[in-house]
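Asker: Sequence and predicted structure, then a few things I'm wondering about:
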Amino acid sequence: MNPARPIPAVLQTPGFAHYSVAWSPFHNSRIALASAANFGLVGNGRLHMVSLIPGVGGSSAVKLDKQYETQDGIYDVAWSELHENQLVTGSGDGTLKLWDILLNNFPIRSWHEHSREVFSVDWSNIKKDTFASSSWDGNVKLWTPEMPRSVTTLHAHLSCVYQALFSPHQPDILATCSTDGTMKIFDLRSPAYATGAATNSFTHPLSAAVLTVPASGAELLSLDWNKYRPFVLATAGVDKMVKVWDCRMIQSANPSAQTIGGVCEVQLPGHEYAVRKVQWSPHHPDLLATASYDMTCRIWSTNPSAGGSKLLQVHDPHTEFAAGCSWSLYDEGLIASCGWDGKLFVFRA
């Protein structure tokens, strides 16, 4: 595709609002969409499988390949890091489902341990047999596809955990964000997680974070790890602000004790309403994308040129809340955005 032709390709899915979009880690043309009827308030869910079709002269199109129905809205989707045709979804009824896109109609596995909505799922790109889910019940659970139940439960927050993400640098580090306005980092190797002979992490959930960052006075809706700088994360939420944090003070003298801190390196004001999604570029250490309830997706630089603006681009064709954005893993300028208007856009930054 030609960078001089930034006209977005668009796909409309009538009746279903999009909550999340994810590019395949194996194929540069596969996209998954997590969707829900009636804006996710009540009704069915749908997983859309989409292909990006390059055209003549740098133009492109997106094509709906397949869709899967669920009894409740789907809030998030993550591709398997092990199997190119598998992916996991989280639903409003507290279930997780594993799908194989070579099969029709039904998931190949389902789990139901969360007592409330599952709002995020994330597949570890280091421990490739492990994925995580976070829920409005305040818990984060770790899973492997072969096991009939979760392998670890974290009592991460007292209220809704909007997102839980594995570190792309260290396999046992996990970050969470919540309605309580904090970002927490968990180290699964910490002595705080040791269990005795009569206990296990399934019946006695773990809860001790090694670092708590009071990132906002309002709800934190999203976070992401920088792909090039370990322990640098971005957060975003209801206060309309995107913040970049240096959390290297996680190296505590007492690893079993909770540390409160983290230094805010950069603040990125500009969105007019809550920021629903933040994601660092997988290709550049200083670029990130955001999606907001102000119906825009924006591209930012944390290290602009002298006299330049940190806000590089505003993508605003959505006519409802922009709920998700995702960078292509293979084409450094390509981004997908999705929203409650039932539209998927693929555009060039």
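Answerer: Good, I have the coordinates. Numbers count the residues shown, from 1 in each chain.

Asker: Now do the same for residue 39: its pLDDT.
Answerer: Residue-level confidence at residue 39 comes out at 81, pLDDT.

Asker: Am I right that it is in a helix?
Answerer: Yes - the assignment for residue 39 by DSSP: H, G, I helix; E, B strand; the rest coil puts it in a helix.

Asker: how near is the spatially closest residue to it that is not a sequence neighbour to residue 325?
Answerer: Leaving aside its sequence neighbours, residue 39 sits nearest to residue 17 (Cβ to Cβ, 6 or more residues apart in numbering; 4.7 Å). (C-beta placed from N, C-alpha, C; glycine too.) To residue 325, residue 17 is 15 Å away according to Cβ to Cβ, to the nearest Å.

Asker: Looking at those two, which has the bigger crowd around it?
Answerer: residue 325 (27 against 22; other Cβ atoms under 10 Å).

Asker: Make sure the more buried one is actually in contact with residue 279.
Answerer: Yes - between residue 325 and residue 279 there is a contact under Cβ atoms under 8 Å: 6.0 Å.

Asker: Can you pull the residues that touch both of these two?
Answerer: Common contacts of residue 325 and residue 279, defined by Cβ atoms under 8 Å, 6 or more residues apart in numbering, comprise 289, 290.

Asker: who does the helix or strand of the chain with the lowest mean pLDDT touch, helix- and strand-wise?
Answerer: When the helices and strands of the chain are scored by mean pLDDT, DSSP states H and E, strand 259-260 comes last with a mean of 78. For strand 259-260, the packing partners by 3 or more Cβ pairs under 8 Å, 6 or more residues apart in numbering; DSSP states H and E come out as strand 211-214.

Asker: in its sheet, what does the strand it packs on sit against?
Answerer: Looking at strand 211-214 with DSSP bridges, its partner strands are strand 182-187 (antiparallel), strand 259-260 (parallel).

Asker: JSON lines for these, including mean neighbour count?
Answerer: Listed next are the strands paired with strand 211-214 as JSON lines, based on neighbours: other Cβ atoms under 10 Å:
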{"stretch": "strand 182-187", "mean neighbour count": "24"}
{"stretch": "strand 259-260", "mean neighbour count": "15"}
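
Asker: just so I know, which of those lies nearest residue 175?
Answerer: The closest of these to residue 175 is strand 182-187. By Cβ to Cβ, the value is 5.1 Å.

Asker: quick check: mean pLDDT across the closest one?
Answerer: 94.

Asker: Stretch 267-274 now?
Answerer: Stretch 267-274 shows a mean pLDDT of 97 in the predicted model.

Asker: how about that stretch: buried residues?
Answerer: By 16 or more other Cβ atoms under 10 Å, the buried positions in stretch 267-274 come out as 268, 270, 271, 274.

Asker: Buried ones in the helix or strand hosting residue 110, by neighbour count?
Answerer: Assigned by DSSP states H and E, residue 110 belongs to strand 109-112. For strand 109-112, the neighbour count (16+ other Cβ under 10 Å) marks 109, 111 as buried.

Asker: before we move on, what about stretch 316-329?
Answerer: Neighbour count says stretch 316-329 has 317, 318, 321, 322, 323, 324, 325, 326, 327, 328, 329 buried, by 16+ other Cβ under 10 Å.

Asker: before we move on, what about stretch 86-102?
Answerer: Within stretch 86-102, judged by 16+ other Cβ under 10 Å, the buried ones are 86-92, 94-99, 101.

Asker: Next, give me the two most distant ones among these.
Answerer: 94 and 101 (23.7 Å).

Asker: So, low pLDDT: which residues of the stretch 1-150 of the chain?
Answerer: Applying pLDDT under 70 to the stretch 1-150 of the chain flags the ranges 1-7, 56-58.

Asker: now the strands for the stretch 201-349 of the chain?
Answerer: 211-214, 220-225, 232-237, 242-246, 259-260, 263-268, 275-280, 287-292, 297-301, 311-315, 322-327, 334-339, 343-348 (DSSP state E, counting those that start in this stretch).
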